[in-house]
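> All I have is the shape, not the residue letters:
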């Protein structure tokens with residue numbers, strides 16, 4: 001026999017409530033998506049390095065005796081691991097933007113949400129060159145985070161690790177950005193269409 005939930009309601013109450021919420025969301029999905037429609041030039045508003053939750057996580061990642069020059073790379077590795085292991089992938093039936101504080105609160109996000117969170121953390125750790133990079137090929141959309149540090153360009157891949165490139169052109173070529181792809185990059189201060 002199925003047990004009731006902690007509120008003492010009928011068996012399966014939470015599952016039924018989740019199904020009801022999903023039904024309502026799907027019914028109004030076009031309305032929700034129309035209200036969530038940001039132009040690509042507005043994407044910098046999603047990167048929030050100074051938010052409370054991002055600041056708290058950044059402080060935890062820094063640990064004791066943090067020095068940008070000697071500690072940032074290691075902190076970026078810990079940041080990538082944090083996002084990869086602590087934030088679960090979610091693919092929702094409705095397209096909408098999740099801010100980094102929400103990604104942290106619910107520990108859920110799609111690849112872009114997770115990369116926006118990672119970018120926010122790395123900027124808070126002291127690297128203003130950090131950007132989210134998104135490109136759209138014929139069959140897919142991919143997103144990454146990259147930053148410049150110690151005369152190199154570091155690409156952070158949520159499905160892999162950190163890769164070092166000599167410059168941005170080498171990085172673009174290495175991940176498949178060509179004349180046929182639509183690509184753009186952004187952080188909290190700027191947006192650039194690089195296609």
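That came through fine. Remember, predicted model here, so these are calculated numbers, not experimental data.

> which residue ranges form the strands in the protein?
Under the criterion DSSP state E, the chain contains strands at 88-89, 108-109, 131-136, 141-149, 152-156, 162-165, 182-186, 191-193.

> among the ones you listed, which is nearest residue 51?
Closest approach to residue 51 among the strands of the chain is made by strand 108-109 (14.6 Å; Cβ to Cβ). Just so you know, the C-beta spots here come from the backbone N, C-alpha and C atoms, and that holds for glycine as well.

> From the chain's centre, how far out is that closest one? Work that out for me.
Distance, stretch centre to chain centre, for strand 108-109: 8 Å (Cα atoms, centre = their mean, to the nearest Å).

> So which other helices or strands are in contact with that strand?
strand 88-89 (3 or more Cβ pairs under 8 Å, 6 or more residues apart in numbering; DSSP states H and E).

> make it 6 Å
Taking 3 or more Cβ pairs under 6 Å, 6 or more residues apart in numbering; DSSP states H and E as contact, there are no helices or strands that strand 108-109 lies on.

> Now do it: everything it contacts.
Strand 108-109 is contacted from outside by 87, 88, 90, 98, 103, using Cβ atoms under 6 Å, 6 or more residues apart in numbering.

> Out of those residues, the closest to residue 30 would be?
residue 98 (19.0 Å).

> which ones are touching the closest one?
Residue 98 neighbours (Cβ under 6 Å, 6+ apart): 109, 113.

> Can you pull out the low-pLDDT segments for the chain?
Residues of the chain meeting the criterion pLDDT under 70: 1-11, 21-22, 24-26, 28-29, 31-40, 92-96.

> Break it into its domains for me.
7-36, 43-193 (automatic domain parsing).

> Which stretch among those domains is buried most, on average?
domain 43-193 (a mean of 17; mean count of other Cβ atoms under 10 Å).

> Can you get me the start-to-end distance on it?
12 Å (Cα to Cα, to the nearest Å).
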